[in-house]
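Colleague: My questions are about this predicted structure, shown below with the sequence.
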Amino acid sequence: MLLTNDTRIVYVNGQYLPAAEAMVSVFDRGFLFADGVYEVSSVLEGRMVENDAHIRRLQRSLEALEMAMPLAVAELVAAQQELLRRNNLKEGALYLQVTRGVADRDFAYPGDTRSTLVMFTQAKKLLENPLAERGMSVISVADIRWKRRDIKTVGLLAPSMAKQAAAKAGADDAWLVEAGFVTEGSSNNAYIVTDDNVIVTRQLSHAILHGITRASVLRLATENDLRVEERPFTLEEACAAREAFITSATTFALPVVRIDGQVIGDGRPGELTRKLRKLYIDMALASVRG
Ligand code: PDD
């Protein structure tokens, strides 16, 4: 529920509005068809982390759905920065959503809509995350999502159901399983570390979101002489792994210490996971400090 005293400024189609006045039409195709895509960029020290990569993925998602960029890249980034400034956001996330826009309800794409662009900020402590010390517990659930998970659409009911199931079970999150193999987390990419210290994560395809954090974490791992294997892994392999972890823009790398109640490793955040979290945070801080 939104608080009536929400003091945030929200961006809607070129305007910076008080949260209570930020609105889109009931005929917006984002609302009627989940016909829209989004990006979440983390913010540290008032600046966005890896935003160029998020914007490039936004362009790919839009292209897959035959939608145009709502603004030129430079204008979009300027609007993001202005929103951060108006909200004085130092640490947290910037959420950006583009939908196909407003049209009378009809399944096929209407030809003449103007896309809707909304953005808002969320203040959140990212560097100090208790889950980095405690480790997360996850449950496994069937991956019931559609088959183009590489497109970052706002059709997020399946992951919402997964997170709700996790919350009901007293867990922190859910890992999604298809034909016995883990695809990814409900809103993050999933990894294990094998007994011989190989970092394993599913290869890129339509089956998972091509995480921006994933790409950087794998690059940092390789640069630091850690071994990486991109292949599917089963739930059984995960439960027997030395370490498990997730990555996403807002969590960086976070340890998973329990899967379906089974303890991973010694039940504490693993050494490689902690190392990768530190490497990623150091890289992110260096990038925002320019
Ligand atoms: N989620 N996989 C899924 C299904 C995701 O929703 C996300 C991101 C990721 C990680 O991608 P990235 O490293 O680019 O954040 C993987 C965002 C954070 C969200 O929905 O809030």
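Modeller: Now that the structure is in, tell me what you want to look at.
Colleague: For the residue in the stretch 1-150 of the chain that the ligand sits nearest to, which residues are in contact?
Modeller: Residue nearest to the ligand within the stretch 1-150 of the chain: Val40 (4.2 Å; C-beta to the nearest ligand atom). To be clear about C-beta, it is placed using only N, CA and C from the backbone, and glycine gets the same treatment. By C-beta atoms under 8 Å, 6 or more residues apart in numbering, the contact list for Val40 reads 54, 93-96, 248-250.
Colleague: try it again with 10 Å
Modeller: 54, 93-97, 122, 152, 187, 212, 248-250 (C-beta atoms under 10 Å, 6 or more residues apart in numbering).
Colleague: In three-state terms, label the nearest residue to Ile9 once chain neighbours are set aside for me.
Modeller: Closest residue to Ile9 apart from its sequence neighbours, by C-beta to C-beta, 6 or more residues apart in numbering: Arg86 at 4.5 Å. Following DSSP: H, G, I helix; E, B strand; the rest coil, we place Arg86 in the helix state.
Colleague: How about the one 10 residues further on?
Modeller: Here Leu96 is recorded as strand under three-state DSSP.
Colleague: which residues touch stretch 55-64?
Modeller: 36-39, 41, 48, 50, 67-70, 73, 76-77, 80, 96-98, 100, 115, 148, 150-153, 206, 209-212, 215.
Colleague: Excluding chain neighbours, what is closest to the one residue in the stretch 51-200 of the chain that gets nearest to the ligand?
Modeller: In the stretch 51-200 of the chain, the residue that lies nearest the ligand is Ser187 (3.9 Å; C-beta to the nearest ligand atom). Leaving out its chain neighbours, the residue that sits closest to Ser187 by C-beta to C-beta, 6+ apart is Pro159, at 5.7 Å.
Colleague: ok, back up a step: test my guess that the residue of the stretch 51-200 of the chain closest to the ligand contacts Asp172.
Modeller: No - if you go by C-beta atoms under 10 Å, Ser187 and Asp172 don't touch, sitting 11.7 Å apart.
Colleague: Mind listing the shared neighbours of those two?
Modeller: Contacts common to Ser187 and Asp172, judged by C-beta under 10 Å, 6+ apart, are 163, 246.
Colleague: Next one: the residue nearest to Ile9 from Pro18, what distance?
Modeller: According to C-beta to C-beta, to the nearest Å, Arg86 and Pro18 sit 11 Å apart.
Colleague: Spell out which residues sit in contact with Phe233, please.
Modeller: Taking C-beta under 10 Å, 6+ apart, one finds 180-182, 190-192, 194, 200-202, 241, 244 in contact with Phe233.
Colleague: Now with 6 Å, please.
Modeller: When contacts are counted by C-beta atoms under 6 Å, 6 or more residues apart in numbering, Phe233 is found next to 182, 192, 200.
Colleague: And for Leu131?
Modeller: Leu131 sits next to Leu254 when contact means C-beta under 6 Å, 6+ apart.
Colleague: can we see that at 7 Å?
Modeller: Leu131 makes contacts with 172, 254, as judged by C-beta atoms under 7 Å, 6 or more residues apart in numbering.
Colleague: after the helix or strand containing Tyr38 comes which helix or strand?
Modeller: Assessed by DSSP states H and E, Tyr38 sits inside strand 36-44. As assigned by DSSP H and E, the chain's next helix or strand after strand 36-44 is strand 47-48.
Colleague: For that following strand, which strands pair with it and how are they oriented?
Modeller: Strand pairing for strand 47-48, using DSSP bridges, gives strand 36-44 (antiparallel).
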